[in-house]
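Colleague: Compute the structure for the input listed below.
(2 chains)
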Amino acid sequence: AQKVTQAQTEISVVEKEDVTLDCVYETRDTTYYLFWYKQPPSGELVFLIRRNSFDEQNEISGRYSWNFQKSTSSFNFTITASQVVDSAVYFCALEVGNTGFQKLVFGTGTRLLVSP
Amino acid sequence: EPEVTQTPSHQVTQMGQEVILRCVPISNHLYFYWYRQILGQKVEFLVSFYNNEISEKSEIFDDQFSVERPDGSNFTLKIRSTKLEDSAMYFCASSADRAGEQFFGPGTRLTVL
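Modeller: Numbers count the residues shown, from 1 in each chain, chains lettered A, B, ... in the order given. As a prediction, this is how the structure comes out:
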């Protein structure tokens, strides 16, 4: 079964704190992609990152960084020096394709509240 | 930068009415998708569409739902007889190839009264 688990329902931090959002996935596919999306209160899905299953290198983009560990089936997302504008729901997703056509399986999301 | 667009941004309808949600995918993309997000819940796959036919659909996508590419630019989701539980945000997405990144539209919020 293809599944994404985001165990943290809600996280509250104070501005400038670092925060890590956890994501654990399950798949039998050997090739897959992992994603993170941000959903601000306005509702749209903002693409943050797409990572191939063969690329386990950690990635950093500004204040954002991602730690992909195949051994633990985890793809965690860290925001360094959080800001109020980071407040949103964050979704981790797994791209799978049983029929050869891809679809995204999303986790339940983690709501991040950053207070001033 | 090319983007996926969706109209309307918000639709309110009465239970039992038909609604059509419209999407304009990125122009050179060939694979199209609809996802649904009930308020406060996760985003769920509904259907994928390629070469004028459905390639995969989820259990949610029952006979009340249909998709169509009526012309070279639009991709529509029709709900024939809406129910209260169809109230959700509906996202359209498109990709250039089968394993390519899916680009999401801003969503249509459907409210069924």
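
Colleague: how about the strands in chain A?
Modeller: Remark: strands assigned in chain A by DSSP state E are A:3-5, A:10-14, A:19-21, A:24-26, A:33-39, A:46-52, A:59-61, A:64-69, A:74-79, A:88-96, A:103-106, A:110-115.

Colleague: The fourth one near chain B at all?
Modeller: Spelled out, it's strand A:24-26. No. Applying Cβ under 8 Å from any Cβ of the partner chain, one finds strand A:24-26 out of contact with chain B, separated by at least 13.5 Å. C-beta here means a position set from N, CA and C on the backbone, and glycine is covered the same way.

Colleague: coming back round to it: distance to B:Glu85 and mean neighbour count added to the strands of chain A, as a markdown table?
Modeller: Formatted as a markdown table, these follow (distance: least, Cβ to Cβ, whole Å; neighbours: other Cβ atoms under 10 Å in any protein chain shown):
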| stretch | distance to B:Glu85 | mean neighbour count |
| --- | --- | --- |
| strand A:3-5 | 23 | 17 |
| strand A:10-14 | 25 | 13 |
| strand A:19-21 | 29 | 18 |
| strand A:24-26 | 27 | 17 |
| strand A:33-39 | 21 | 21 |
| strand A:46-52 | 27 | 15 |
| strand A:59-61 | 38 | 10 |
| strand A:64-69 | 35 | 17 |
| strand A:74-79 | 31 | 20 |
| strand A:88-96 | 21 | 23 |
| strand A:103-106 | 19 | 23 |
| strand A:110-115 | 23 | 17 |
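
Colleague: Using JSON lines, please lay out those together with mean pLDDT.
Modeller: Formatted as JSON lines, the strands of chain A follow (pLDDT from 0 to 100):
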{"stretch": "strand A:3-5", "mean pLDDT": "96"}
{"stretch": "strand A:10-14", "mean pLDDT": "98"}
{"stretch": "strand A:19-21", "mean pLDDT": "98"}
{"stretch": "strand A:24-26", "mean pLDDT": "97"}
{"stretch": "strand A:33-39", "mean pLDDT": "94"}
{"stretch": "strand A:46-52", "mean pLDDT": "91"}
{"stretch": "strand A:59-61", "mean pLDDT": "89"}
{"stretch": "strand A:64-69", "mean pLDDT": "95"}
{"stretch": "strand A:74-79", "mean pLDDT": "97"}
{"stretch": "strand A:88-96", "mean pLDDT": "94"}
{"stretch": "strand A:103-106", "mean pLDDT": "93"}
{"stretch": "strand A:110-115", "mean pLDDT": "98"}
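
Colleague: okay, now residue 7: neighbour count?
Modeller: Just so you know, I chose chain A. Using other Cβ atoms under 10 Å in any protein chain shown, A:Ala7 has 11 neighbouring residues.

Colleague: You answered for a different chain; I wanted chain B.
Modeller: So B:Thr7, with other Cβ under 10 Å, has 14 neighbours.

Colleague: Could you do B:Tyr35 as well?
Modeller: Look at B:Tyr35: counted by other Cβ under 10 Å, it has 27 neighbours.

Colleague: May I have the residues that are in contact with the nearest residue to it once chain neighbours are set aside?
Modeller: Closest residue in space to B:Tyr35, ignoring its immediate chain neighbours: B:Phe91 at 4.5 Å, by Cβ to Cβ, 6 or more residues apart in numbering or on different chains. Applying Cβ atoms under 8 Å, 6 or more residues apart in numbering or on different chains, one finds that B:Phe91 lies in contact with A:Leu45, B:Gln6, B:Trp34, B:Tyr35, B:Arg36, B:Gln37, B:Val43, B:Phe104, B:Gly105, B:Gly107.

Colleague: Look up how far B:Phe104 lies from B:Phe91.
Modeller: 5 Å (Cβ to Cβ, to the nearest Å).
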